[in-house]
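Enquirer: Mind folding the following:
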Amino acid sequence: SMARLVSVVTASSNSGAQCVRDLLQQAALKGKAKVRAVYRSKEKADAAIAELGQHDNLECIHGVDAMKMETLKTAFEGAEVAVIVTPHDPAAGFTNDAEMCHNMVNAAVAANVKHIIYIGSWTVSVSQYIKIIASRFESTEKMLRELGEQKKVTWNHLRSGFFNQNLVHMMGHGVKAGKVRFPDMKIPCVDPRDMGTMAAFIACSDYAKEHANCCYEVSGPENLTTAQIVEAIGTAVEKKVEYEAVPIKEHMQNLPPFMKEVFHCMDELPDSIPCTDDVEKVTGIRARTLSAWLKENAAAFA
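Expert: This next block holds a predicted model:
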């Protein structure tokens, strides 16, 4: 068959898992790709197979560790397209994230992968403010640009915006108490699944013509104010949640340094989180709304 092999590393992340689902199930993409879903642990691979079921076009492999180059060979062998998700292990902190991404890119290029879709972050565009988080992504973007100039590979950067699940950490406590105290900001919250859906559509496209060496800013469909976000959460959890605006400087006081940088940036540049229609441009499908995500995830705030 002419189906190309698309390798998704790691397929256990929100965006990676959705990419695999879409490659197998999205009507417009059916049969266009064979999928290699790559996991670190057997537990994660088994859980994915249990959810997805057996597919002729799906191969799940585990035992791949981005800090061990020799294990990465099996991840990319024979693949035409690689979807590489920046790993994040809260227990390990950010220390090795960039190195793991460099290893994955190098392994993909060594395996003659033609196109790399790199899942990164909006923070790179404001890295002069948000240094700590951007350092997880910036060097990999640079590396791919250089590889692109050397004609070794074509690439896309999918820069994720502010993920919906961040709201659980930032506002969950206030929602439970019935009052959210938070700075008045504009946030085009994004459903992490949209990163995966975009990656799937690009992976099946005529990428050299349509997407080569492009950077996409992935956002939700609306730039929402904090008041609108709190109202939407209240609707989803079916209770009255009050909102009180707090000055950014006051809110920042007790935050860890990497979050202080984010809020300082929002203070200086209120529109720093890009709000685009890139999801719809690439997939033909409107980006998933915050209210739809909240309906599915209301229990996270309960």
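Enquirer: Can you give me the end-to-end span of stretch 27-47?
Expert: End-to-end distance for stretch 27-47: 24 Å, by CA to CA, to the nearest Å.
Enquirer: Likewise for stretch 165-185?
Expert: 17 Å.
Enquirer: List every C-alpha atom in the worst-scoring helix or strand of the chain on mean pLDDT, with coordinates, as CSV.
Expert: None of the helices or strands of the chain scores lower by mean pLDDT, DSSP states H and E than helix 131-134, at a mean of 90. C-alpha atoms of helix 131-134 as CSV (Å, rounded to 0.1, in the frame of the first residue of the first chain):
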residue,chain,number,x,y,z
LYS,A,131,13.2,32.3,29.6
ILE,A,132,12.8,29.2,31.7
ILE,A,133,9.8,27.6,29.9
ALA,A,134,11.1,28.7,26.5
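Enquirer: Need the nearest residue in space to the most far-flung residue of the chain relative to its centre, chain neighbours excluded.
Expert: For the chain, the residue at maximal distance from the C-alpha centroid (CA atoms, centre = their mean) is Lys240, at 31.2 Å. In this structure, Lys240 finds its nearest non-sequential neighbour in Gly234, 6.3 Å apart by CB to CB, 6 or more residues apart in numbering. Heads up, the C-betas are built off the backbone N, CA and C, glycines and all.
Enquirer: Repeat that for Ile119.
Expert: Nearest non-adjacent residue to Ile119 (CB to CB, 6+ apart): Val85, at 4.5 Å.
Enquirer: on that earlier part again, in a helix, that's where the residue farthest from the centre of the chain is, yeah?
Expert: No: assignment of Lys240 by DSSP: H, G, I helix; E, B strand; the rest coil gives coil, placing it outside any helix.
Enquirer: Make sure it is actually in contact with Val230.
Expert: No: taking CB atoms under 8 Å as the definition, Lys240 is not a contact partner of Val230, at 10.6 Å.
Enquirer: just the strands in this protein please.
Expert: Using DSSP state E, the strands of the chain run over 4-9, 33-38, 58-61, 81-85, 115-121, 154-160, 179-182, 186-187, 214-218, 224-225, 242-245.
Enquirer: Strand 81-85 and the first one, what's the angle between them?
Expert: Right, the one you point to is strand 4-9. With axes from the mean of the first three to the mean of the last three CA atoms, to 10 degrees as the basis, strand 4-9 and strand 81-85 are set at 10 degrees to each other.
Enquirer: Give me the helices and strands touching strand 4-9, please.
Expert: Applying 3 or more CB pairs under 8 Å, 6 or more residues apart in numbering; DSSP states H and E, one finds that strand 4-9 contacts helix 14-25, strand 33-38, helix 69-76, strand 81-85, helix 193-203.
Enquirer: What lies in contact with the fourth one?
Expert: Outside strand 81-85, the residues that touch it by CB atoms under 8 Å, 6 or more residues apart in numbering are 4-10, 13, 15-16, 19, 33, 76, 101, 104-105, 108, 113-119, 199, 203, 207.
Enquirer: Ala292 - how many residues pack around it?
Expert: Neighbour count of Ala292, defined by other CB atoms under 10 Å: 12.
Enquirer: Ok, Ala27 next?
Expert: For Ala27, using other CB under 10 Å, the count is 5.
Enquirer: go on, the one 4 residues further on?
Expert: Applying other CB under 10 Å, we find 12 residues neighbouring Gly31.
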